[in-house]
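J.: Structure for this input, please:
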Amino acid sequence: MALSKHRSARWIFVIGFLVLAAASSPSQVFVVGEASATADITTDFTPTELPLPTTQMTERGRRELIRDLEQEQGFAHRALPVAASVTLRANGPLTPGPAEYRQLIYKKGQSAAPGDRVIITAMQIKGDRLILDLNGGPYLKHRFLRHVQLGDNPVVADTGEQATGSRVTLIFAGPVPEISAPEVKALLAPVIDFGVKSSEQAYADTLPPVLKEAISAHDVLVGMTHRMVLAALGAPESKIREQPDGDPNGGRYEEWIYGHVPQTVHFVRFVGDRVTLVEIAALGKPLEIHDKDEMGGYSSPDAIHEIAMGDKTQGEGESGSTRAAPPSLRQPGEAVPPGGPNKVQFPTDTRSTSTSPPTSSPSTSSTTTSATGPSTAPHLL
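T.: Got it, this is the predicted structure:
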């Protein structure tokens, strides 16, 4: 009993000593608060002043707006919260306000810092607002089904993935007007900068005015390439590869389909890399068929080598008038061997090519015979 009391007293002494040592040792604790964590976040805001259309958006304008804005890239003008949404009124304020915005960034974190590239990955038009998801949006796919199980098996497996995007909701005073993509980009300027051209716009600027206007109007001309059609209409809703009827040996063609009933449906047929047929089916109108070349003689330029000063054209020699010599392993000034170029040269046989035995004197002949004939010397037993 005395031994157990002694051990208990010793442990109490050790613990008390450690507590006193920890209290007396110098230590520093840093606590990062909301003010210090969000000190570099800019919340300055200047509303836009863009005249807006008064007519309500049509179905064609809706489809064109979604096609023009989805997958469009820009740069964040301010820090965007992760897994959260901010609301911007057309030519109006941004909510939440500065203090709430800083608190949202502090709690949620940043989806994109100022200057980071953002992509509109999805877009919806509902009533009086445009809903734009940036970098995947604030919600994961099947976020509700992840919590549903059938028996012991989940409907959708939870991989532990977290949402990393954000959402910007653009609200109008009334129903969404007949607004174009450049106007929406101008209204989003306080949040996102779309000043950088997309690859489709940069490509369209290199084409002749006729094609550039057709792409801007989202029209497809017979003779366009795949890249031109993608710049004009975007990716198709479906693709079909077929073989011409009655021609089993004929080449296959590919057909891109845009739209679905009751919308206007475009059927764009490719043979190789060129559009050969465009069919436009509008509700209540006869089928519109385009099968003649509409490019005005323009075709995509082939790969061309531009001759610069000092370059030699094909077949031109050093002096500019003779054909360049083919490559060779011969040293400069070395003569071409007899027989002409590109011929295999065999070594010359220095031995006599005569088939008759050479003439010789009798003595020489006898000596040769004795030397080469069968030996007549006796064999020793």
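J.: Pull out the buried positions in the lengthiest strand in the chain.
T.: Ranked by residue count under DSSP state E, the longest strand found in the chain is strand 117-126. Neighbour counts over strand 117-126 (16 or more other CB atoms under 10 Å) mark V118, I120, M123, I125 as buried. Backbone N, C-alpha and C define where each C-beta goes, glycine included.
J.: likewise stretch 165-173?
T.: G165, S166, R167, V168, T169, L170, I171, F172.
J.: same question, stretch 76-88
T.: Residues of stretch 76-88 classed as buried by neighbour count (16+ other CB under 10 Å): A76, H77, R78, A79, L80, P81, V82, A83, A84, S85, V86, L88.
J.: now swap in stretch 274-289 and tell me
T.: Buried residues in stretch 274-289, counted by 16+ other CB under 10 Å: R274, V275, T276, L277, V278, E279, I280, A281.
J.: so can I have JSON lines of these showing distance to E183, secondary structure and pLDDT?
T.: Below are the buried residues of stretch 274-289 laid out as JSON lines (distance: CB to CB, whole Å; DSSP: H, G, I helix; E, B strand; the rest coil; pLDDT from 0 to 100):
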{"residue": "R274", "distance to E183": "34", "secondary structure": "strand", "pLDDT": "92"}
{"residue": "V275", "distance to E183": "30", "secondary structure": "strand", "pLDDT": "94"}
{"residue": "T276", "distance to E183": "36", "secondary structure": "strand", "pLDDT": "93"}
{"residue": "L277", "distance to E183": "34", "secondary structure": "strand", "pLDDT": "94"}
{"residue": "V278", "distance to E183": "29", "secondary structure": "strand", "pLDDT": "95"}
{"residue": "E279", "distance to E183": "32", "secondary structure": "strand", "pLDDT": "95"}
{"residue": "I280", "distance to E183": "27", "secondary structure": "strand", "pLDDT": "93"}
{"residue": "A281", "distance to E183": "30", "secondary structure": "strand", "pLDDT": "93"}
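J.: Let me have the buried residues of strand 117-126 in TSV, extended by pLDDT.
T.: Converted to TSV, the buried residues of strand 117-126 look like this (pLDDT from 0 to 100):
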residue	pLDDT
V118	88
I120	93
M123	94
I125	95
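J.: returning to that earlier point: closest one of the buried residues of stretch 76-88 to E183?
T.: Using CB to CB, L88 comes nearest to E183 of the buried residues of stretch 76-88, at 13.8 Å.
J.: any residues touching the helix or strand where that closest one lies, and which ones?
T.: L88 belongs to strand 85-89 when assigned by DSSP states H and E. Outside strand 85-89, the residues within contact range by CB atoms under 8 Å, 6 or more residues apart in numbering are 80, 94-96, 101, 138, 166-172, 187-188, 190-191.
J.: quick one, phi psi at the closest residue to T225 other than its chain neighbours?
T.: In space, T225 comes closest to D273 once its chain neighbours are excluded; the distance is 5.1 Å by CB to CB, 6 or more residues apart in numbering. Note on D273: its backbone torsions stand at phi -110, psi 10 [degrees, to the nearest 10].
J.: where along the chain do the helices fall?
T.: Assigned helices in the chain, in chain order: 2-24, 34-37, 59-69, 98-108, 181-187, 199-204, 209-216, 226-233, 362-372 (criterion: DSSP state H).
J.: and these, which one's lowest on average pLDDT?
T.: Looking at the helices of the chain, the lowest mean pLDDT belongs to helix 362-372 (a mean of 43).
J.: Nearest to S111 among the buried residues of stretch 274-289?
T.: Nearest to S111 among the buried residues of stretch 274-289, counting by CB to CB, is V275 at 39.9 Å.
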